Structure formats: structure tokens, C-alpha cells
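Peer 1: Below: sequence and its predicted model.
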Amino acid sequence: NLALEVYKTSGSPASAATPLNQFFKLPPVASNTNPTVFGPFLSDPKCYYDADTGRWFVTILSIPVDPATGAFVNTAPSFFFVAASQSNDPTGKWNLFAVDTTDDGTGGTPSNPGCPCFGDQPLIGADKHGIYVSTNEFPIIGPGFNGSQVYAISKVALEAGTATVAVHINVGSFPTPDPNGIWYSLQPATSPGGVYETANGGTEYLMSAFDFNNTGDNRIAVWALTNSSSLATAKPNVGLAAVVIGTEPYIDRSVASGFSFSQRPGPTPLAGFFNFYFHTNNGLEPIQANDDRMNQVVFADGKLWSGVNTGLFGTGSFSTIGIAYFIVTPSDASGTLSAVMTKQGYVAAGRDNVVYPSIGVNTAGKGVMSFTLSGPDFYPSAAYAPIDATNGATGIHIAGAGRLPEDGFTGYNSPLCPPQVCNNQTGARWGDYSAAVADENGNIWLAAEYIPLAPRL
């Protein structure tokens with residue numbers, strides 16, 4: 001989460017690895033001085049290439065810290081940063097922007113409950129006129145959740161490096177069909193080949209899951225942010241509407257106890273180290289599947305494509321984790337949003353698990369879903385399945401075969417790691433993101449984590 005590197009399509013590096021604090025002209029995460037001085041905490045980077053303009057965009061969140069200890073503080077603003085390349089060359093110069101997410105009434109921000117706050121997991125999307133960032137708002141210190149915050153920013157202004165207004169919509173304040181529900185993790189759509197929705201002065205679509213009570217659901221929400229062409233004006237005037245549609249059931253971790261998945265047994269030297277030196281009892285760690293929030297959304301061939309992690313059921317009880325995917329046809333031509341489920345289904349791997357889906361689709365409606373494959377038969381591996389609106393997802397293929405089990409510190413009990421970070425009950429952190437994207441020629445590029453053989457020392 002802390003470095004950026006540019007690669008050629010051949011796989012060879014086109015740049016050195018650059019710390020993201022340095023890329024965004026911030027103090028380093030930690031200085032090499034004595035005493036150590038800590039810089040802002042950055043996390044959850046996203047990178048998007050805009051085929052329409054040939055520009056690159058990078059987003060990331062920032063939380064202020066105490067320079068002496070590195071602990072979070074709520075006495076300074078939080079931000080998400082946006083970087084826009086000045087050309088189609090990502091190794092060249094970039095325009096940098098900061099959007100205040102503190103939302104405590106300072107710096108022109110609204111005054112939301114529990115704030116000062118930060119925008120967790122900024123998600124990025126784009127249409128012809130704007131770049132869209134959706135966050136989940138949490139207090140920097142203490143409990144609370146204010147739901148999704150959506151920001152719409154003029155693409156022209158970002159590319160030109162001129163001052164602009166980020167239109168801020170507090171979606172968490174919108175009513176939900178369920179009592180005590182609050183909207184979360186709205187995923188803005190990206191579009192391959194620069195093919196966007198032009199209705200209503202420009203429309204950006206978003207999708208979100210519907211599991212407000214962590215008990216599973218059979219609905220999703222489709223959103224339309226309209227009049228996006230006004231973002232280039234001095235007084236943007238956008239609208240946001242949602243429609244709820246029924247889906248196949250999906251379920252998350254509160255029902256599927258722990259919502260973690262298994263992996264093939266193998267050597268675990270870190271577990272052995274902890275067990276020998278600290279007398280712990282760590283075994284082969286499970287891996288977290290996080291939850292059933294909506295993953296990457298793509299608007300292609302007139303449809304929205306996405307998927308979520310879901311518990312799957314074998315003989316009457318929770319057994320493995322798979323993927324529920326949705327192919328939705330939206331319409332907002334008359335200003336009244338509607339959406340129809342065109343195709344849906346599950347991806348499952350028998351007694352093994354598939355998690356963290358991202359679907360890349362070209363303008364012809366041909367797609368590939370990228371995900372992690374892991375279970376009794378597989379070390380964590382990068383896998384994929386072809387997908388289209390007629391046949392759905394068809395067959396699992398392995399792109400990068402894992403050769404070792406996950407043996408990271410986040411899945412173990414150890415005095416070297418605080419329990420809020422490391423816990424062998426919920427499993428190791430893994431993946432969180434995959435990616436799949438179509439290029440201008442219709443090729444689809446995939447990204448997911450896997451574990452190769454370790455180098456010999």
C-alpha cells in the first residue's frame with residue numbers, strides 16, 4: 001500500500017519503486033533520523049488509466065499522525081489525494097490535488113457526527129466529464145460510521161492542474177429501505193475505450209451491496225450521478241438517484257463464522273518461529289475474505305458488471321467462500337433511473353475457495369473475472385474466469401499458481417504484533433483488491449496476488 005511503480009506491458013520496470021509519501025510530496029512514513037519523525041499515514045491506493053484522454057489518475061487516503069509517535073491524531077485535516085498525469089506517460093510529471101475529508105466543520109467541510117473523520121477505502125471511477133471518488137467515513141478517533149461520501153471532480157480541471165471544486169455528496173444521510181441501514185461502499189464505474197453514458201448531461205453509474213445488518217441479502221443498489229457535464233462549470237449542479245433490484249442471495253462474515261477461507265498445508269516458518277520462541281500455538285492460518293461489499297464496477301456494452309464475496313453452502317451449513325456476480329442493464333434516458341438484472345450467478349471451486357473478484361470487460365461485451373483461488377488443494381493463487389452476458393462466468397483458470405501457503409504475521413498470535421492487527425481467529429489479511437481492465441484494443445489485463453517460491457538466501 002505504500003509504493004508506486006510503473007511497468008511496461010512486457011513486464012519490465014519503466015520506473016523505480018517510489019514511496020507514495022514521496023510521490024505526493026509529503027514527509028516520509030518514518031524518517032531515518034534519531035529520533036524518528038513520522039509522516040502522514042497513507043493507505044488504499046487506486047490507479048486508473050483514462051482511455052478517453054490518455055491520462056493516468058492515482059488516489060489515496062491520508063490520516064494525520066503525531067510526528068513523535070506515529071499515532072493517529074484528530075487535530076489536523078485528513079485528505080484523499082488525487083494525482084493526474086500531465087501526459088500519457090506515467091513516468092512524467094503529475095498534477096497533485098488534496099480533498100479535505102475531515103468533515104468537522106473546518107476548512108469548508110460539513111459538520112458530520114463524530115468527526116474529525118477520514119475517508120476509508122477511496123474508490124475511483126470516471127465518465128466523460130468527471131473523476132469520482134467514494135469513501136466510507138469513520139471518525140479518526142473513536143467509534144462511529146457516517147456511511148459513503150461521494151466526490152465528483154472535473155476531469156478537465158484535474159488534467160489542466162487548475163483549481164476546482166470537489167462536489168461532495170453525503171450518501172450516508174440518504175434514507176435506506178431498511179431500518180437503521182446506512183449506505184456503504186458505493187463503487188463508481190469505469191468504462192473501457194471511453195464509451196460513457198451521455199444521457200442527462202452525462203451520467204456516472206455506481207453500484208453498492210445491500211447487507212446493512214451483516215446477515216446477508218438478495219438486493220443491490222444501482223446509482224446514477226447525472227449532469228456530470230456541469231462539473232466543468234463554476235457552479236456544478238449534479239443529481240444522485242438510486243434504484244434497488246433483486247438478486248441471488250449473498251452472505252457475509254457474521255453468518256459465515258469468521259468469513260475466512262482455508263489454504264493448502266505447507267511450510268510455515270514464521271508460525272514455527274512464534275511457536276518456538278514465544279510458546280504460542282499457531283497452526284496453518286486461515287485467510288480473511290473481509291465481507292460482501294461491492295467490488296470493482298465496469299460500465300461496458302451498456303451494462304454494469306461487478307461481484308461480491310459470498311459464503312457458499314454445502315450440506316446444509318456454511319462450507320466455502322465463492323463469488324456472486326451481477327450483470328445489470330441500467331437506463332436513465334428520461335431522468336427516471338431503472339435497472340434490470342441481465343445475468344447473475346456464482347463462481348465456486350468445489351471444496352476450495354474463490355474470493356476478491358474484479359471483472360474487466362471490453363466494448364464488445366467480452367470479459368474476464370480476476371480473483372484469488374485457495375483451499376485444501378491450492379496454495380493462494382491468481383486465477384480467472386471468462387464471462388459474458390449470455391453465458392455468465394465459464395470455467396476457472398489459473399494465471400499464477402501459488403507455491404507456498406500464506407505465512408504472514410497478520411494471521412498469527414504473537415507478542416510482536418498487536419491483537420488489533422494480528423489475530424489467528426479471523427485469519428491473515430489478504431488481497432483486499434484484485435483488478436481487471438480492458439485496453440483500447442480489447443485486450444484484458446488482470447492483477448491478483450499469489451505466492452511464488454521464496455528465493456534462497
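Peer 2: Structure's in. What do you need? Residues are numbered from 1 along each chain as shown.
Peer 1: Span of stretch 390-400 from start to end?
Peer 2: 27 Å (CA to CA, to the nearest Å).
Peer 1: Could you list the buried residues of that stretch?
Peer 2: Gly392, Ala393, Ile396, Gly400 (16 or more other CB atoms under 10 Å). Backbone N, C-alpha and C define where each C-beta goes, glycine included.
Peer 1: now, which of those sits nearest Pro380?
Peer 2: Gly400 (9.6 Å; CB to CB).
Peer 1: give me every residue that touches that closest one.
Peer 2: Ser381, Ala382, Ala448, Tyr450, Pro452 (CB atoms under 8 Å, 6 or more residues apart in numbering).
Peer 1: By mean pLDDT, point me to the weakest helix or strand of this structure.
Peer 2: strand 260-261 (a mean of 88; mean pLDDT, DSSP states H and E).
Peer 1: roughly how far is the next helix-or-strand element following that one from the heart of the chain?
Peer 2: Note on strand 260-261: by DSSP states H and E, the next helix or strand toward the C-terminus is helix 269-278. The chain centre lies 33 Å from the centre of helix 269-278; the measure is CA atoms, centre = their mean, to the nearest Å.
Peer 1: Check stretch 17-25 too.
Peer 2: 20 Å.
Peer 1: Ok, stretch 297-309 next?
Peer 2: 14 Å.
Peer 1: for stretch 135-148, same thing?
Peer 2: The mean C-alpha position of stretch 135-148 is separated from the chain mean by 17 Å, CA atoms, centre = their mean.
Peer 1: If you count contacts, what does the helix or strand containing Asn95 end up packed against?
Peer 2: Asn95 is part of strand 94-100, with elements assigned from DSSP H and E. Packed against strand 94-100 by the contact rule (3 or more CB pairs under 8 Å, 6 or more residues apart in numbering; DSSP states H and E) you find strand 79-85, strand 148-154, helix 155-160.
Peer 1: for that strand, which positions count as buried?
Peer 2: Under 16+ other CB under 10 Å, the buried positions of strand 94-100 are Trp94, Asn95, Phe97, Val99, Asp100.
Peer 1: Give me the distance between the fourth one and Phe259.
Peer 2: Separation of Val99 from Phe259 (CB to CB, to the nearest Å): 32 Å.
Peer 1: Which parts of the stretch 51-200 of the chain are strands?
Peer 2: 55-63, 79-85, 94-100, 117-126, 130-139, 148-154, 167-170, 187-190 (DSSP state E, counting those that start in this stretch).
Peer 1: out of those, nearest to Glu285?
Peer 2: Shortest distance between Glu285 and the strands of the stretch 51-200 of the chain, using CB to CB, is found for strand 117-126: 23.4 Å.
Peer 1: what lines up beside the closest one in the sheet?
Peer 2: Strand partners for strand 117-126, identified by DSSP bridges, are recorded as strand 130-139 (antiparallel).
Peer 1: orientation of the strand it pairs with relative to strand 55-63 in degrees?
Peer 2: 10 degrees (axes from the mean of the first three to the mean of the last three CA atoms, to 10 degrees).
Peer 1: Can you show me the CA trace of strand 130-139 as CSV?
Peer 2: Extracted in CSV, the C-alpha atoms of strand 130-139 (Å, rounded to 0.1, in the frame of the first residue of the first chain):
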residue,chain,number,x,y,z
GLY,A,130,-15.6,13.7,-14.2
ILE,A,131,-13.5,11.6,-11.8
TYR,A,132,-15.5,10.1,-8.9
VAL,A,133,-14.2,9.1,-5.6
SER,A,134,-16.3,7.3,-3.0
THR,A,135,-15.2,6.8,0.6
ASN,A,136,-16.5,5.2,3.8
GLU,A,137,-16.4,7.9,6.6
PHE,A,138,-15.2,7.0,10.0
PRO,A,139,-14.1,9.1,13.0
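Peer 1: For Ala349, give me the pLDDT.
Peer 2: In this model, Ala349 is scored at 95, pLDDT.
Peer 1: Next: Asp252.
Peer 2: At Asp252, pLDDT is 77.
Peer 1: Which residue is the nearest non-sequential neighbour of it?
Peer 2: Leaving aside its sequence neighbours, Asp252 sits nearest to Asp292 (CB to CB, 6 or more residues apart in numbering; 4.0 Å).
Peer 1: and the one you found, what are its phi and psi?
Peer 2: phi -110, psi 30 (degrees, to the nearest 10).
Peer 1: what's near enough to touch it?
Peer 2: Ala209, Asp211, Gly216, Tyr250, Ile251, Asp252, Val308, Asn309, Thr310, Ala324.
Peer 1: One more pass at 6 Å, please.
Peer 2: Taking CB atoms under 6 Å, 6 or more residues apart in numbering, we find Asp292 in contact with Ala209, Asp211, Tyr250, Asp252, Val308, Asn309, Thr310.
Peer 1: Which pair in the residues you listed has the greatest spatial separation?
Peer 2: Asp211 and Asn309 (10.9 Å).
Peer 1: the more surrounded of those two?
Peer 2: For the pair Asp211 and Asn309, the greater number of neighbours falls to Asn309 (29 against 25), based on other CB atoms under 10 Å.
Peer 1: Name whatever forms a beta bridge with the more buried one.
Peer 2: Where Asn309 sits in a bridge, its partners, by DSSP bridges, are Ile323.
Peer 1: Point out where the stretch 201-350 of the chain drops to low pLDDT.
Peer 2: 253-258, 313-318 (pLDDT under 70).
Peer 1: Run the angle between the strand holding Asn95 and strand 148-154 for me.
Peer 2: 140 degrees.
Peer 1: What is the neighbour count of the nearest residue to Asn227 once chain neighbours are set aside?
Peer 2: Of all residues beyond its chain neighbours, the one nearest Asn227 is Gly201 (4.0 Å), with distances taken as CB to CB, 6+ apart. The tally of other residues near Gly201 (other CB under 10 Å) stands at 15.
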